[in-house]
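> got a predicted structure here, sequence first:
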Amino acid sequence: MDFKSIGVIRTPFKNLEGTPIQPIGGSKVEGTVELNPEYVEGLKDLDGFSHIILLYHFHKAKDYALQVKPYLDPVKRGVFATRIPGRPNPIGMSIVRLKDIQGNVIHFRDVDIIDGTPLLDIKPYIPVTDVKDNVKIGWLEDKSKKMSDKKGDGRIK
């Protein structure tokens, strides 16, 4: 497999500390994607979507473990039951609100990504097909309120 960066994600978060752990923690925070010029044609019709999915490389992740302690939880969990950056293939995903596209620059908000992150792909978010009925969120069921609570802003401290 060969993956290459199609652009770079720019955000106000320069390091891990202070970066939200999910887009809800970065609500209203703005960022941009600087898409490599050779991919601009691929942006055609993307501006009709309110949200997009950014797939990226967790370039700051060093190692991984198969059992990890996620943020807001003292219990070790399987890495595949978390969104922790340290994973066998360090690929991240964020659903962000699309604001505007100007040339090769995509403006978005609800940022939970470190500045300089290499972008792998962009996909439109389609709630009609992406959201399922009777969704269960496993061990996160009792933690989800904390992630969206204003007092627990979901930022890494």
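It's in.
> show me what the host helix or strand of Lys123 is packed against.
In this assignment (DSSP states H and E), Lys123 forms part of strand 117-124. On a contact count with 3 or more C-beta pairs under 8 Å, 6 or more residues apart in numbering; DSSP states H and E, strand 117-124 meets strand 7-10, strand 30-35, strand 51-57. For glycine as for every other residue, the C-beta is placed from the backbone atoms N, C-alpha and C.
> what comes up buried for that strand?
Within strand 117-124, the residues scored as buried using 16 or more other C-beta atoms under 10 Å are Thr117, Leu119, Leu120, Ile122.
> same list (those residues) but as TSV, adding pLDDT and distance to Val40.
Shown next, in TSV, are these (pLDDT from 0 to 100; distance: C-beta to C-beta, whole Å):
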residue	pLDDT	distance to Val40
Thr117	96	20
Leu119	98	13
Leu120	98	17
Ile122	98	12
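> give the contact list for the most centrally placed residue in the chain.
The centre of the chain sits closest to Ser94, judged by C-alpha atoms, centre = their mean, with a distance of 2.5 Å. Contact analysis of Ser94 by C-beta atoms under 8 Å, 6 or more residues apart in numbering lists Pro23, Ile53, Leu54, Tyr56, Asp110, Val111, Asp112, Ile113.
> okay, strands next: where are they in the chain?
Here the chain has its strands, by DSSP state E, at 7-10, 30-35, 51-57, 67-68, 77-78, 91-102, 105-109, 117-124.
> any chance of a markdown table for those, columns distance to Lys44?
Shown next, in a markdown table, are the strands of the chain (distance: least, C-beta to C-beta, whole Å):
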| stretch | distance to Lys44 |
| --- | --- |
| strand 7-10 | 16 |
| strand 30-35 | 12 |
| strand 51-57 | 14 |
| strand 67-68 | 40 |
| strand 77-78 | 40 |
| strand 91-102 | 10 |
| strand 105-109 | 13 |
| strand 117-124 | 12 |
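> select, out of these, the one closest to Asp133.
Relative to Asp133, the nearest member of those by C-beta to C-beta is strand 91-102, separated by 18.6 Å.
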